[in-house]
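K.L.:
Okay, structure incoming, though there's no sequence with it:
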């Protein structure tokens, strides 16, 4: 089967990027003819385009297209120059586009409508952030409706990562097309730590860890306030692992105002998986205070590594953590509740151990192999026109 994945960024940090990479390389290893079509955009927040990309990543060929910035009122919807012609000429058995409210999804849908190639869309749906102005929330809702009436009508299947995402996508698109395919974790990565090396600089003996983009929707101001509320004698350092996304200066200023600058260690992006694994393994807890998570792949890594989790009850997080059986859940934006949960990790060892045991057992069923097998069924349905 010839499969073309279409995504904005590839071979870079991020949940969508990781999902496409893990799925594509496994499909390729299974004998399928797989290629990734991606843009040359490496940093959407600052609109940085790159060059010198690798033509093959993990055995998967990658074709890059220049990205064009379409300016809508306060909203950016990138499109890829030359993508339509490339898809129309490719002859793929299935085109699998990724993300929501992006031009490349509309481009893939236009080709599918014209050529009748089966189109599958993984929405990775993200509602408007709580802090967005009212006008922008309204505009994004109009975009949602537009995608539901155009690209999602053309698509033969819509892949979502959770039941919560299925509910939201089902409000703007035909619910009969929606298929839930959770992402996964590579359990073999976490069975042997002999080759793992902690990221530089040297880490504290005990610390809390945030792992993800340093972005406006990750709830870091609330985490800083929560950390400031923890009594100084029990306040663990906070290690922040992830690429900057335009928020570092404001966050550093907020940390100074709260008097916790000396408790923060900024690692930036750690691209070496050995360094990432070592940093996560040694954490006293993973903290994910986001405004929204379509799934939260780092949660699966923490479950496999037997690291306690504190996270906000948003998006798919309650499903991933089984409503608190696999980690502590707090309301988004509630610094008091987050501070209390951070302290509970250390003061309730029995409860923490029970959650770790349940999480490490349950994560065995959430693997990339299972995801790829489910996608194979979706492709078959799409190709047969029965999705």
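P.N.:
Yep, it's here. The model shown is predicted, which means the values in this text are computed figures rather than measured ones.
K.L.:
pLDDT on stretch 148-161, on average?
P.N.:
Average pLDDT, stretch 148-161: 96.
K.L.:
contacting residues around the host helix or strand of residue 165?
P.N.:
Secondary structure from DSSP states H and E places residue 165 in helix 163-170. Under the criterion C-beta atoms under 8 Å, 6 or more residues apart in numbering, residues 123, 125, 127, 152, 158, 160, 175, 178, 180, 294, 315-316, 318-319 lie in contact with helix 163-170. From N, CA and C alone the C-beta is placed, and that goes for glycine too.
K.L.:
In helices, which of those residues appear?
P.N.:
152, 318, 319 (DSSP state H).
K.L.:
contacting residues around the nearest residue to residue 148 once chain neighbours are set aside?
P.N.:
In this structure, residue 148 finds its nearest non-sequential neighbour in residue 172, 3.4 Å apart by C-beta to C-beta, 6 or more residues apart in numbering. By C-beta under 8 Å, 6+ apart, the residues touching residue 172 are 144, 145, 147, 148, 152.
K.L.:
which one of the residues you listed sits closest to residue 83?
P.N.:
Using C-beta to C-beta, residue 147 comes nearest to residue 83 of the contacts of residue 172, at 16.9 Å.
K.L.:
quick one: buried residues of the strand or helix carrying that closest one?
P.N.:
For residue 147, the element it lies in under DSSP H and E is helix 134-149. If you call a residue buried by 16 or more other C-beta atoms under 10 Å, then helix 134-149 has these buried ones: 139, 140, 143, 144, 147, 148.
K.L.:
from the chain's centre, how far out does it sit?
P.N.:
21 Å (C-alpha atoms, centre = their mean, to the nearest Å).
K.L.:
That one vs helix 163-170, what angle?
P.N.:
If you take axes from the mean of the first three to the mean of the last three C-alpha atoms, to 10 degrees, helix 134-149 sits at 80 degrees to helix 163-170.
K.L.:
Which strands or helices does helix 134-149 pack on?
P.N.:
Using 3 or more C-beta pairs under 8 Å, 6 or more residues apart in numbering; DSSP states H and E, the elements in contact with helix 134-149 are strand 75-76.
K.L.:
Walk me through which strands the helix or strand that comes right after the strand it packs on pairs with, and which way each runs.
P.N.:
Per DSSP H and E, the first helix or strand lying C-terminal to strand 75-76 is strand 79-80. Strand 79-80 has its sheet partners listed here by DSSP bridges as strand 67-68 (antiparallel).
K.L.:
hmm, who's touching the strand it pairs with?
P.N.:
8, 39, 40, 41, 49, 78, 79, 80, 81, 103.
K.L.:
try it again with 10 Å
P.N.:
The contact list for strand 67-68 (C-beta atoms under 10 Å, 6 or more residues apart in numbering) reads 8-9, 38-42, 44, 47, 49, 77-83, 103-104.
K.L.:
what's the spacing between the residue of the chain most remote from its centre and residue 343?
P.N.:
Computed with C-alpha atoms, centre = their mean, the residue of the chain farthest from its C-alpha average is residue 233, at 34.4 Å. Shown here: residue 233 relative to residue 343, a distance of 11 Å by C-beta to C-beta, to the nearest Å.
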